[in-house]
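>>> got a predicted model here, sequence first, then my questions.
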Amino acid sequence: MLLVCLTVLGLNAYYSPCAAAPPRDHSLHLKSVPPTSTRNKLLLISFDGFRWDYDRNTDTPHLDKMAEDGVKATYVTPSFITITSPSHFTMVTGRHIENHGVIHNMWFNTTTQERKQYYQTQFVDSYWDNGSLPIWITAQRQGLKTGSLHFPGTAATYRGETVMVRQVESPVYDYSDEADWRMNVDKVIGEWFNQQDLDFVSLYFGEPDLAGHKYGPDSPEVREMVKQVDRTIGYMRDKIQEQGLTERLNVIITTDHGMSTIFRGEQANQIILSKIPNFSFRDIQFQLLDYGSVGMLLPKEGKLEKVYQVLKGSHPHLHVYKKEEMPERLHYSKHPRLLPLILIADTGYIVNGFLPLNYNKGDHGFDNEALDMKAFFRAVGPDFHKNLLVDPFDMTDVYPLMCHLLGINPEVNDGHFDNVKRMLASEKLPEGDRVAENNTSMQVVTGLAVTVGFLALVFVVATSYNVWKKRRA
Ligand SMILES: *[C@@H]1O[C@H](CO)[C@@H](O)[C@H](O)[C@H]1NC(C)=O
Ligand SMILES: *[C@@H]1O[C@H](CO)[C@@H](O)[C@H](O)[C@H]1NC(C)=O
Ligand SMILES: *[C@@H]1O[C@H](CO)[C@@H](O)[C@H](O)[C@H]1NC(C)=O
Ligand SMILES: [Zn+2]
């Protein structure tokens, strides 16, 4: 079988205990996999919280080079709720959050009041394995070899199977350490792709999200972190070249969500539920508050209507919905784990319970229509066009794109391959499709040259005319 047993133990590493997956017949699926010689490998990288426009006011030579060599999307629209675990799971399943069931970074039980934070939630198999298979498992079932490093969802077991090769960070991991980023790149490119010949790997970095929360998206600290991301991409592309993988490896770099500046201080008009007239926590059985831009409430029996009426319209920047009344476009309504009342703050605001407990200067989780929530996207490799700028698409569309690149049959999903196929080298560029900035700037330069030339001509003609007029006079 394809199961690989890893015995190596790294310092920050937690490897799968080699629990054998139930034997399964691959023969049915193998037919769909093209011969290895035509199928290229795929690396999916996520830099957490890399807003779509972070490269605009920072010098990013390696990202610029990558755009020249590949495809750049204006932005990608993540699914709602725009937070880490839900959004990453959308990336690897192609499903909206109400369909895959990882509805929050936090696991909770409304009966026992128990909650688990982001890290502990990674190990709750039943939370992740809720009917949608991540691409690792689907690819493995169809005969491919896959790996995942630090990517949300890596630790969980799905229908008895885990990703073949994996590394899960320790609970006290430093997500910002550049030296460690390079070790992870070395491991994925050198060991996993080259030595172990994996077909697909997902690789996660926890920045620039942390810097964005702490200092705000427009801070010098975020710009420094964006430079660190850029250096890492340069390092990775050199490593790919050095290992002879440039023509055999496609790379997609994207992220889970953007980042928005949070309004603070006196004028901010904070949303604090305990201060809302007639709202009482005595009416609430379970609450998920003080967790950023979205809150959820389970009112006690018979109190739903009262709580809803009291909260609705109580604050100009708070939107209150009964679960079943949620706007359709947000796709955050159908799952049984969602609580009956959903509270969404406008961009820049936080939903607080008793006190404004949030000390972050930046946050996300907001409506995915907000530009601040849009995600970054780049791709490069043998199967992608070069120097191409494509229009925005949805995060769910990344999944059918990846399945196509890997030559595997996708599971049921909410994405549309048609929205992304134009970035493939196999697709002819439609007339008038835009090309990336470099060419745009060439056009600007050409335009300027033409204008300057024309003005010079006008000047020469006018001067000659004046001279001629003077002579005649
Ligand atoms: C929550 O806890 C109750 C009581 O222990 C249990 O019956 C229920 O299955 C739990 N729900 C989840 C989602 O774990
Ligand atoms: C998904 O989770 C919900 C609620 O926790 C549960 O009722 C449902 O059975 C789960 N579905 C699957 C396929 O695991
Ligand atoms: C609060 O409840 C009282 C008593 O039911 C009612 O008279 C009052 O109008 C309510 N105030 C608001 C702001 O809803
Ligand atoms: Zn995130």
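Looks like it came in fine. Numbering: from 1, shown residues only. Ligands and ions are numbered 1, 2, ... in the order given.

>>> ok, the one residue in the stretch 151-300 of the chain that gets nearest to ligand 4 to residue 72 distance?
Closest to ligand 4 within the stretch 151-300 of the chain is residue 256: 4.3 Å, counting by CB to the ion. Quick note: C-beta positions are derived from backbone N, CA and C, even for glycine. To residue 72, residue 256 is 18 Å away according to CB to CB, to the nearest Å.

>>> what about the two, which has more around it?
residue 256 (28 against 23; other CB atoms under 10 Å).

>>> and stretch 224-241, which residues are buried?
Neighbour-count burial for stretch 224-241, counted by 16 or more other CB atoms under 10 Å, picks out 225-237, 239-240.

>>> ok, and the closest non-adjacent residue to the closest residue to ligand 1 within the stretch 251-400 of the chain?
The stretch 251-400 of the chain approaches ligand 1 most closely through residue 337 (7.7 Å), counting by CB to the nearest ligand atom. Leaving aside its sequence neighbours, residue 337 sits nearest to residue 103 (CB to CB, 6 or more residues apart in numbering; 4.9 Å).

>>> so what's the residue count around that neighbour?
By other CB under 10 Å, the residues close to residue 103 number 25.

>>> so who does it touch?
Residue 103 sits next to 81, 86, 97, 332, 335, 337, 338 when contact means CB atoms under 8 Å, 6 or more residues apart in numbering.

>>> do residue 124 as well
Taking CB under 8 Å, 6+ apart, we find residue 124 in contact with 107, 116, 156.

>>> what residues does the protein have near ligand 4?
Residues of the chain found near ligand 4 (CB under 5 Å from the ion) are 48, 49, 84, 209, 256.

>>> show me what contacts the closest residue to the first one other than its chain neighbours?
By the measure of CB to CB, 6+ apart, the closest residue to residue 48 outside its immediate chain neighbours is residue 209, 3.8 Å from it. The neighbourhood of residue 209, defined by CB under 8 Å, 6+ apart, consists of 48, 49, 50, 84, 259.

>>> end to end, how far does stretch 119-136 reach?
20 Å (CA to CA, to the nearest Å).

>>> do that stretch and ligand 1 meet?
No - applying CB under 6 Å from any ligand atom, one finds stretch 119-136 out of contact with ligand 1, separated by at least 7.3 Å.

>>> and that stretch, what's buried?
In stretch 119-136, counting by 16+ other CB under 10 Å, buried: 121, 122, 127, 128, 129, 130, 132, 133, 134, 135, 136.

>>> quick check: which ranges of the stretch 151-300 of the chain have low pLDDT?
266 (pLDDT under 70).

>>> from the contacts of residue 209, which land in helices?
In helices, defined here by DSSP state H, the members of the contacts of residue 209 are residue 84.

>>> what about residue 309, neighbour count?
Neighbourhood size, residue 309 [other CB under 10 Å]: 12.

>>> any idea how far it is from ligand 2?
Distance from residue 309 to ligand 2, counting by CB to the nearest ligand atom, to the nearest Å: 28 Å.

>>> element containing that residue?
Using DSSP states H and E, residue 309 sits within helix 304-311.

>>> shouldn't residue 236 be in contact with residue 189?
Yes - assessed by CB atoms under 8 Å, residue 236 is found in contact with residue 189 at 6.7 Å.

>>> the stretch 301-450 of the chain against ligand 2: which residues are in contact?
Applying CB under 6 Å from any ligand atom, one finds that the stretch 301-450 of the chain approaches ligand 2 through 336, 337.

>>> mind doing that once more with 5 Å?
Residues of the stretch 301-450 of the chain lying close to ligand 2 by CB under 5 Å from any ligand atom are residue 336.

>>> quick one: low-confidence ranges for the stretch 301-450 of the chain?
Short version for the stretch 301-450 of the chain, where the test is pLDDT under 70: 430-450.

>>> could you redo the last one with a cut-off of 90?
Flagging of the stretch 301-450 of the chain using pLDDT under 90 yields the residue ranges 354-360, 428-450.

>>> nearest to ligand 4: which residue in it?
Closest to ligand 4 within the stretch 301-450 of the chain is residue 364: 6.8 Å, counting by CB to the ion.

>>> repeat that for the chain.
Residue nearest to ligand 4 within the chain (CB to the ion): residue 84, separated by 3.2 Å.

>>> report how many residues lie close to that residue.
By the measure other CB under 10 Å, the count of residues near residue 84 is 23.

>>> residue in the stretch 251-400 of the chain nearest to ligand 2?
Closest point on the stretch 251-400 of the chain to ligand 2, by CB to the nearest ligand atom, is residue 336, at 4.5 Å.

>>> OK, contacts around that residue?
Listed by CB under 8 Å, 6+ apart, the contact set of residue 336 is empty.

>>> tell me if I am right that it is in a strand.
No - according to DSSP: H, G, I helix; E, B strand; the rest coil, residue 336 belongs to no strand; its state is coil.

>>> circling back: okay, the residues of the chain next to ligand 4 in JSON lines with distance to ligand 2 next?
Listed next are those as JSON lines, based on distance: CB to the nearest ligand atom, whole Å:
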{"residue": "48", "distance to ligand 2": "25"}
{"residue": "49", "distance to ligand 2": "27"}
{"residue": "84", "distance to ligand 2": "20"}
{"residue": "209", "distance to ligand 2": "27"}
{"residue": "256", "distance to ligand 2": "22"}
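
>>> in a markdown table: those, plus distance to residue 64.
Shown next, in a markdown table, are those (distance: CB to CB, whole Å):
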| residue | distance to residue 64 |
| --- | --- |
| 48 | 22 |
| 49 | 21 |
| 84 | 27 |
| 209 | 22 |
| 256 | 23 |
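
>>> now, which of those lie close to ligand 1?
Among the residues of the chain next to ligand 4, ligand 1 is touched by none when using CB under 5 Å from any ligand atom.

>>> phi and psi next, for the closest residue to residue 102 other than its chain neighbours.
Nearest residue to residue 102, sequence neighbours excluded (CB to CB, 6+ apart): residue 89, at 4.3 Å. Residue 89 adopts backbone torsions of phi -70, psi -30, taken as degrees, to the nearest 10.

>>> can you tell me how far residue 89 is from residue 121?
From residue 89 across to residue 121, the span is 11 Å (CB to CB).

>>> and residue 291, by the same measure?
According to CB to CB, residue 291 and residue 121 sit 13 Å apart.

>>> if we can go back for a sec, tell me the secondary structure at the residue nearest to residue 337.
In the three-state summary, residue 103 is assigned as coil, counting by three-state DSSP.

>>> mind listing what the closest residue to residue 257 other than its chain neighbours touches?
Of all residues not flanking residue 257 in the chain, residue 82 sits nearest, at 3.9 Å (CB to CB, 6+ apart). Neighbour list for residue 82: 256, 257, 258, 364, 365, 366, 367, 368, 373 [criterion: CB under 8 Å, 6+ apart].

>>> give me phi/psi at the nearest residue to the fourth one once chain neighbours are set aside?
Leaving aside its chain neighbours, residue 364 sits nearest to residue 257 (4.5 Å; criterion: CB to CB, 6+ apart). Summarising the backbone geometry of residue 257 under the convention degrees, to the nearest 10, its torsions are phi -170, psi 170.
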